[in-house]
Each structure stands twice: as structure tokens, then as C-alpha cells.
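Peer 1: make a model of this:
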Amino acid sequence: MTRVSVMVVDVQMPTGKKDMTLSHLKGPQTLHFSLVQSYLIMEVTNVGDKEDGKIWHRKPTPRRSVLVTVVRTAQQAKTVRFLQVAFDTTGCVFLAGDHHGNIYAFDMSTNRFRLVQKTGQACTALAFNLRRTTEFLVALADYTIKCFDKDTKQLVSWMRGHEGAVSSISVHSSGRYAISTSADTAQLWDLDTFQRKRKLNIRQSVGIQKVFFLPLSNTILSCFSDDSIFAWESDTLFCKYQLPVPDCGPRISYKAFAVTRDGKSLAAGGRSNLLHMWSLDSQQLVRVIQMPSQVRTVRQLEFLPGSFDGGASQILGVLSQDGVMRFINIHTCKLLFHLGSVDDAVTTVAVGPNGRYLAAIMDNGSINIYSIQSLTQELNKPPLSQVAVISVGEADQDLSNIKMKVRSQVVQRPNKSSSRQAQVKILRPPAGSSAEDKENELPAGLNKKRLVSLLKAFGEYPAKYRMFVWRSLLCLPENHAAYSSLTDKGLHPAFLTLQEKYPIKNHKLQRGLQRVLSALAHWAAIFGEVEYLPLVAFPFVKLFQNNPMLCFEVVATLLVNWCQHWFEYFPNPPLNILSMAENVLAHHDKELLQHLVDCGVTSQLYVWPLLETLFSEVLTRDEWLKLFDNVFSNHPSFLLMACVSYIICCREPLLLCSQKKDFEYFFHHRNNLDVGAMIKEAYRLMGSTPADLQPQTMLSGFTPLTSGQYPVFHQYPAFIVEYQSRERERIRLQEVEYLRERKELSALHADFVRRQAEEKAYLAQQDLLRKAEDQRRTILAQEEEKLTEQRTKLAAMKRELKVKEFQLLDATRRRFLKQQQDLQTSQIRRLDQEISRKMDLRERETAAAVEDLEVRQMELEAQRKRLEQHLLKEQQRVGHEVEEEIQLKLREAGESHTELLRDAESNIQALEESLATAHQLGLQSDWQREVVDHLQRVGTERERGRARLERLQRQTLAEEERLADTMRDVAGREWDEVMSTRARLQEQQRPSSPAHTDGWRQMDVKTLRPTGGHPHRPASAGNHGVRTSVPAGANMLCLNSCSPSGSSSTSFSLDRGRARLDSSERELLKEIRELRLKLAARAKEASMSSSQSVHTLSQ
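Peer 2: This is a model prediction of the structure:
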């Protein structure tokens, strides 16, 4: 165990800040965790290629600091390094991303880990504290940020905009906003819409170090490479304040930052062993902490949250360039413990918000999971008992010259290996699968035949898994690179004015539709000319508005498969497709077709509106989703059958229509229709239509989009599209030229009109100026005459005002003097009342204390009497016992003598009687001698007890006399001070107010009236002591004196009550001392308050 100690030094800086230095470690204040012991007991878990499993197989003991070490080895025992870790809001689950792009979720509460995503490239930052707890953000090596769902493993959104690697992602405490930071820019994202709200651009000479949200607030801190730190309001981006750059000491070049959970303190470090502690409330540098000399660069700072610190974290972890993370107390500047060693350096650290776990990525690519409770268990022990000694005269001792340094071992990090190898996992189907099973197998592990049977049973797919099923049915390749190349071309010219033709209130939906349509137009030129393409794509854009790439691939798959032969007659509707639907309708309902022909309605009116809008105008959202569940699960010809089925199901209202405009309205608006019955009718039509009329024989089967690059789409008349493109470009150029000429002509006309108006205005203005000049001259002469008269009146008014002003000033001065006199008089009266009140209060307190002493004296007297009575009773009991014993002996002697007389012979009876009488007289004399000796001893002991009590009484009386003298001296000094102060005040007030002086004299005469030949003093000081309250004629019995009621002839022993008397005397002396201290303290407080009042009055 390394013995360490720390001293803190306060150094006065020019700006008034504190400089605190970690001093030399010599005492047992730092916890050193032995790496040998940690590795002997820790458990290693190899993730390998497993997608889920247990984190540890044996429950860790509570005292283990390293709970488990997580490693991942790929093929040929190669280690895959972990790069980033991030905790969720609960602090029990964290994500870890490795070099191959695999993201793992480790749940410490359930002891399980799970592979949640395979991104295919290394991650540079992670964030797992979003509002939707199952979603997380990951920044990848291609400078993009993606949002995934860890439960469904789906891509929620894809955010682009950075031109460099994203170094950090900070999420707002509400989970609605996020800030991503790279070396050249910082961007604010809305996590509800996944759109960029703001972007921070800077000069190339000043780089961004970090931009992050403060906890529990809407403030954003931006830290730059020139050590400047700004605070912004996240809603308005208004600059709230800027932290001043320290102008003294070496430049730190901030690289690492940490904020406490309450958002009030900021720790910053960089290329130095100094740490700056900023107070964000006062925007001042409050402390500078110097780390040991082995620390040359600070790479990361993390605060350890405490359970009862209210968010003001006190323990700060400092990760330096040597791979050792040292944890210090920022208030006491003590080095508490450290993580890492020479053989196992720490690369990065993440701390759980609940303060239970700490995940550290080591230099070898593994993850060490620490228990913070085990690391800090020695710190949570109660401190040892301490004795504080108050010393006088040493409060100004200067400690600024005490400075000590931290000494610790230099930890060297091993060289990092630059070898990186990606791992590719290929999924192969079972060897024994048949051709039909292969056809029905889908990429996500689903089976198309089972999905169709499920669809026919329930009529639709579950809403929760519909998008997932569609992606599997359509076999979407998710060609990110190919889609990026299409979107990078920007908006297509054909859709720049899309909002004018198709106005949408939701701007996000409008932009999403423009992006998808532009990507389709860049993919195939025909889609830039198709006018109904927005109607086809809009329903899918609304469904996939958070994932534009999937939307593009769904629409592209729909155009390739379900829109076959649509563009062969471009720009006309697909007559061949419409004729197929018309033939099917003619076969199944000739009457309805004949009615449509009689009304002059062709297939372009009753089939084409359904196809070009994909039923989005005639069906609700739920009905449309239910229909396309069946469309995507069947052959592309099912869409035509659905059109015919819709017409047949609406047979009755169509037969009632006769006008062409009625048919147009019917096929462009919603109608009362059972979608389930329509879908069943479509399935019936597919099964009952003859082969020669079956569209399935004329349309090819489903063909998914190719992976990597999208297929070439050329099923359209290229010459028409190219001609229309050339014509559109020509028209656009002519419009531009026309607009330019029109703009020039408008500018010339506006200039001519402006010049003409200016000339007319100038002539009119000149006429008005001449007329106005004549009028003003006349008015000026009149005004001069009026001004002269007014000046005369004004001079007279000034004289009157001056006189009134002097009168008012004199009256005001008199009122002010009178007010000041009244104020001083009232102040003196209040001070006098305050002095009298305090003197009365002090007298009452002293009288109460004296009464308490008298009560205590009476209690002791009563105890003494009870003790004397007890001793007297004890002596009487002993005397009775002695007398009874003597009588017993006498009776025994008489009985023995009687027996001897009866047994003696008669001839010697006289002799025996004389002998018995002599023996009885001898026994009586012996007993009397013993009783006398005993009574003499008892009297001697009683005399000694009386002498001891008299000595204790004399000592008590001496202590009481000293206490009374002290109280009299204190009261006398206070009274002298009060009298001297009052005399000075009388001398000061005598010249100004004689009447007031007479009042003071009368008051002094009343106050100084002699009482018993002495000046009046407080009762607690002169007239009352400890024993003065006892009346002179009272016959007080004291245990310390000889009792007057006791008889000199009465003898009893005091040995039995000696211990009780001694304890009573000790308690009495203790109470007397405590009372003496209280009286002295009260007298001192009263003296100080009276002196302060007199000083205030004198001022």
C-alpha cells in the first residue's frame, strides 16, 4: 500500500483566483488498487462471433473492483479492438462499438450482452441517451451519423453534413436535440425529425475542440482551440456569456472538458499538468489544480456522480498521456485512487449516470467494467475522531509559501498496433433446400409462402412489422453509396417548382418528395418527364419520411415491377395496360363495360386514375396499406386485378352515373367500399380469368433491384424523352432571355417614370417654397412682436419665482433642522430605553440565578436533614440490637445458673449461689466494657467526620466569596462605563438643547439616587451574591456546619453516608462553577451590546 498525503496551497493571483496544487503524497489518503490482485480475481468474457450471451458466468464479489473484462477475438485468434462506449440514462446498460463496426449492448442488471447492429465500418462516437430509449446514435468513419433501434435493429434515420470525422455527440437532457462535433464544424440536430437545425462554421485558423449541452439546462458550451469558451442559448442561439481567457500562467491548450451534474462547475485540461476549474454561475476561474509531473497532457476528464452530493460532484477522473486515470477530490485536492498501469493503459472511459459502473477501454482493445462502489469503499468510511483546539493570535498565518508536488511512477504505454482487418460474415442457405424453398426464402429470414398464408388469414400484416415485411418482400438492397451518388447531384430541374404544382403544408414532406423525385430523375431520364410521378411516389414518401433511401428503393422497385410497359406509349397513358384491364372487365362484367361504353367513358377515365395515383385518392391510409400488403405479396399483375375489382365492387353506383363528369369525380374521390371484399374479388379474378386474358402471362415476374448499383431503366421511347428534354431546355433558355429583356425594359421604364415624377415634384416644390417664404416672413414679424411682450412678462415672473424660491429654501432649511433635532432626540430616547431595558434584563437574570442557587441550597439542606435522620435511625437501631444482645446473654446466664442450682447438692447451695452471683457480675462488667469501647470509637469517627465537613464548608464559603467579588467587579466596571458614556453625551448635548439636558439631569438624579449609602447598581452585581438572598434572621441549617439540633450526648457513625456527602458536594461545586461561567458570559454580552449602542449614538 502506497502511503500518500496532500497539502493545499492558496496563492493570491492578480485576478483574485485561487491556485491549488496537489502536494506530495506521504499519508494513507490515496487508495492504490494492486493490478496483480485485480487480475487474479477478475473474469474475462470473450464475445467472439456470438450475438448474445452472459457477461459473467460467476457473480462478482462485492469487493472486486474489476467486475469483468470483455474481449473480442475473430478468426485466427485475432483481437478486434473496441473503440467507443456510451451509457444510457439508467446507467445499467451501455453500448460498445468495435473496429469492425459491430455495436454490442451490455445490460449489467440482467447480465446479458447482445449484438444490436452491424454497421460495416468503425465508429468514432456513440450516444445512447435519446428520448426514445431503444434508439441510439453512432458516428461512422464515412463522416455520417446514423440512428438505429437496438430492439428491431432497423435504421431509423441517416444524417449527413460533416466533412470530417465526428469526434463527439452530445444529447440534450430532454433527448430531443443532439450536437455533433468535428474538427471544422458543429451541427445541431432535431431528433424528432432528424433534420439539421443549425450549423456552426468557424475560421480555418481556429479549430473546434468540443461543443456540448450543459446538464439540466438549455445552454450550449462551445470550446475552441484558442482556449475560448462561449455559452449559447440552445433555442435562440443567443450568446449568454464568454469565459475569460486566463491572462497569467502558461497556456494550457484545452483538449478535455467535464461538467458536474448540476451544470455549475466546468473542469478543463489540455497540454499541461494544470487543470482549470471554472464556476459557470460567476463565469470566473476559481481554482487551478496542478497534477503530478508525470502528467504532461490531459486526454479525458470525467466526474464521478455521488449519491448525496446534489449533483455537485467532487471526484474528478483525469486521464493523462501515460494511460493512467487518476481520481482526485477537487475540493481537498487529494489523490484518491487511479486506474491503469504500465502493462494495461487506459484509452477512454465512460461513467454511468447513476454512479454504479465505469467502463474503460484499455490499450489492448478490451473493456474493463469497474464497480465504482468497490473503488470508493475506502473513501466512504467514517472519519476518525478529531479534537479541535482554538488558538488565539494565529488567524493571520500565511500559508501561501507552502507548496508540495505529487510524486508518482512514470507509466509508459506500449506502442499501438496499426494493423486493422475487417471481418465479413456470409450467410449461406442450407445445403438441402429445394428450388421452391429458395424462391420463397427472403433476405431477413422470412418465408414468402408463410407470409402470404398469414396475409390471407388476417387480411393485412401487423402494423408494427409492416415496413420490415415490405423490405423483405421487395428484397431492398440498401445501396447507400449508389443512393448517395444520386442525391449528391442535387435537385433535378424538373422538380425545382414542384411546390407550385403540388403545394404541401408540411415542408419536411415537401423536401422529402423533391429529393426522392430528383433521385429517380437522375436514375432514369424518363422520370423527369413523367407528370404523374409525384402522385405515385407521394404515399411512400409519407410512409418513409424518416428514411429517404428506403423510400427511393421502394418506389424504384414499384416502377420496375408493377409499372411494367407503362412508359412504352409515353407521353400518352399505357394503352396496352389499360386494354388488359378492359379485357378482364369485359370477361367478368359485360353489362358494366357496355354501360361505360354507352356513356362514352374509356379505360383512360376509369382505370388510369386508379393506376396513376395507386389508389391513394380513393382509399384511406389504412385501406391503402391493407391493399398494398396484398400487392407486394403477389405477382405484379395483381395491381391490374385490383383496379378491375374496384370497378366491379362499385358496380351499382357506376350504373347510376350517366355524365362523364360524374365518372371523373367518382374515380378521383373516396367512395363507400369494403376493401376486404375488393381484395377477395381481386383474388377471385386472378383465379377465374382465362389464360389468354390473364395479365400475369403478359407481365414478367418480380425482379428485385440489384445490389451495389441500381439497374439501368430504359423501357421507354428514348427519342421522345430526349426531344422533350431538348425542347424544355430550349424553352427554359428562351424564358431566361425573355425575362432578362423584360427586366431591362422594366428597369428603363421605371427610370423614365422616376425622372418624370422627380421633375414634376421639383417644380411644384419650388412654387411651394416661394409661397412659404412670403408667409414665413409675415409670421416672423408678428412673432417678434409677441416675443418682446413675452420676454417682459417672463422677467417679472422670474423675479417672483426667485423670491418664492428663497422663501421655500428657508422654510425647508428650518424644517430640516427641526427634523434632525427631533430625530436625534428620538434616537437618544430609544438608546436610553434600550440601556434601561438591558439593565433590567440583566438584573432579572441575576436575581433568577440567585434564586436558583437558593433553591439548590435548600435542596441540599433538605438532603442533609434526611441524611441526619437516617443516620440517627441507624444509630438507634444499632443501640437496640446491642441492648437485645445483652439481655439475651443475661437470660442465658440466668438459665444456666438455675440449672446448676437445681443439680447442686444442698450442702453446698450457699457456696454455689455466691459463685453464680460473682460470675454474673463478671459477665455484666465485660459487656459494659465492650459497649463503652465501641461508643468511644464511634465518637472518635464522628469527630473526624465533623472536622472534614467543616473544612469543606470553609472551602465552599471561600469559593462563594470569590464569585461574589468577581460579579461585583464586573458590574462595577459596566456601571462606570455607562456613567462615563452618559456624562459625555450630556456634555455633547448641553450646548444644543438645554431642555433636553435638564431632562437628562433629572433622569440621572433618579437613577443615581443612593440606596443604602452606595450608588445604585444592578442587583446581580452588588446586592446579590450566592448567599445574600437568605434573610438575616433565618436559621439555615447547612450540612457543612455542626447541626444545632444535634445533641452532644448523641453518638452515631458517619461512615455509611460519607460517599453520598462527597458526591453531593462535588455536584454542588460543579453547578457553582457552571453558574459562574454563565453569569460572566452574560455580563460580557451585556457590556458589549451597551458599548456598541453608546458608540453608535456618539457617531
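Peer 1: how many residues are close by residue 772?
Peer 2: For residue 772, the neighbour count with other Cβ atoms under 10 Å is 10. C-betas here are computed from N, CA, C, even on glycine.
Peer 1: which other helices and strands contact the helix or strand containing residue 125?
Peer 2: For residue 125, the host element (DSSP states H and E) is strand 123-127. Secondary-structure packing of strand 123-127 (3 or more Cβ pairs under 8 Å, 6 or more residues apart in numbering; DSSP states H and E): strand 82-87, strand 93-98, strand 135-140, strand 166-171.
Peer 1: what comes into contact with whichever helix or strand comes after the third one?
Peer 2: What that stands for is strand 135-140. Tracing the chain C-terminally past strand 135-140 and defining elements by DSSP H and E, one meets strand 145-149 next. The contact list for strand 145-149 (Cβ atoms under 8 Å, 6 or more residues apart in numbering) reads 103, 116-117, 119, 130, 134-140, 154-160, 162, 166, 169, 180, 189, 191, 194.
Peer 1: tell me the angle strand 145-149 makes with strand 166-171.
Peer 2: 50 degrees (axes from the mean of the first three to the mean of the last three Cα atoms, to 10 degrees).
Peer 1: and the average pLDDT for stretch 681-694 is what?
Peer 2: Stretch 681-694 carries an average pLDDT of 89.
Peer 1: starting at the chain centroid, how far to it?
Peer 2: Here stretch 681-694 is found 66 Å from its chain centre; the criterion is Cα atoms, centre = their mean, to the nearest Å.
Peer 1: got it, and stretch 642-655?
Peer 2: Its chain's average C-alpha position is 62 Å from that of stretch 642-655, according to Cα atoms, centre = their mean.
Peer 1: next: stretch 835-853.
Peer 2: The mean C-alpha position of stretch 835-853 is separated from the chain mean by 55 Å, Cα atoms, centre = their mean.
Peer 1: about what we covered before: partner strands of the strand holding residue 125, with direction?
Peer 2: Strand pairing for strand 123-127, determined by DSSP bridges: strand 135-140 (antiparallel).
Peer 1: average pLDDT across the partner strand?
Peer 2: Rounded mean pLDDT across strand 135-140 is 93.
Peer 1: would you map the helices across the stretch 451-600 of the chain?
Peer 2: Taking DSSP state H, counting those that start in this stretch, the helices of the stretch 451-600 of the chain run over residues 466-474, 480-487, 498-501, 507-523, 533-543, 548-561, 575-588, 590-598.
Peer 1: tell me the secondary structure at residue 105.
Peer 2: strand (DSSP: H, G, I helix; E, B strand; the rest coil).
Peer 1: list the contacts for it?
Peer 2: So residue 105 contacts 93, 94, 95, 113, 114, 116, 150 (Cβ under 8 Å, 6+ apart).
Peer 1: out of these, who's the most crowded?
Peer 2: Most surrounded of those: other Cβ under 10 Å gives residue 95, at 26 neighbours.
Peer 1: that older thread, looking at the helices of the stretch 451-600 of the chain, spot the one closest to residue 1084.
Peer 2: helix 507-523 (77.8 Å; Cβ to Cβ).
Peer 1: can you confirm residue 369 is in a strand?
Peer 2: Yes. Judged by three-state DSSP, residue 369 forms part of a strand.
Peer 1: number of residues surrounding residue 760?
Peer 2: Count around residue 760 with other Cβ under 10 Å applied: 10.
Peer 1: following the helix or strand where it lies, which helix or strand comes up?
Peer 2: Element membership for residue 760 (DSSP H and E) is helix 718-903. Heading C-terminal from helix 718-903, the first helix or strand you meet, by DSSP H and E, is helix 909-989.
Peer 1: and that following helix, average pLDDT?
Peer 2: 76.
Peer 1: identify whichever of the helices and strands packed on strand 123-127 lies nearest to residue 560.
Peer 2: Between the helices and strands packed on strand 123-127, strand 135-140 lies closest to residue 560; by Cβ to Cβ that is 29.7 Å.
Peer 1: ChimeraX command to pick out the buried ones of the contacts of strand 145-149?
Peer 2: Buried residues within these, by 16 or more other Cβ atoms under 10 Å, are selected in ChimeraX with:
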select :103,116,117,119,130,135,136,137,138,139,140,154,155,156,157,158,159,162,166,169,180,189,191,194
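Peer 1: just send the contacts of residue 105 back as TSV, with distance to residue 846 too.
Peer 2: Putting these into TSV (distance: Cβ to Cβ, whole Å) gives the following:
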residue	distance to residue 846
93	71
94	71
95	76
113	79
114	81
116	81
150	79
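Peer 1: which one of those is nearest to residue 84?
Peer 2: Distances from residue 84 to the contacts of residue 105, taken by Cβ to Cβ, are shortest for residue 95, at 7.9 Å.
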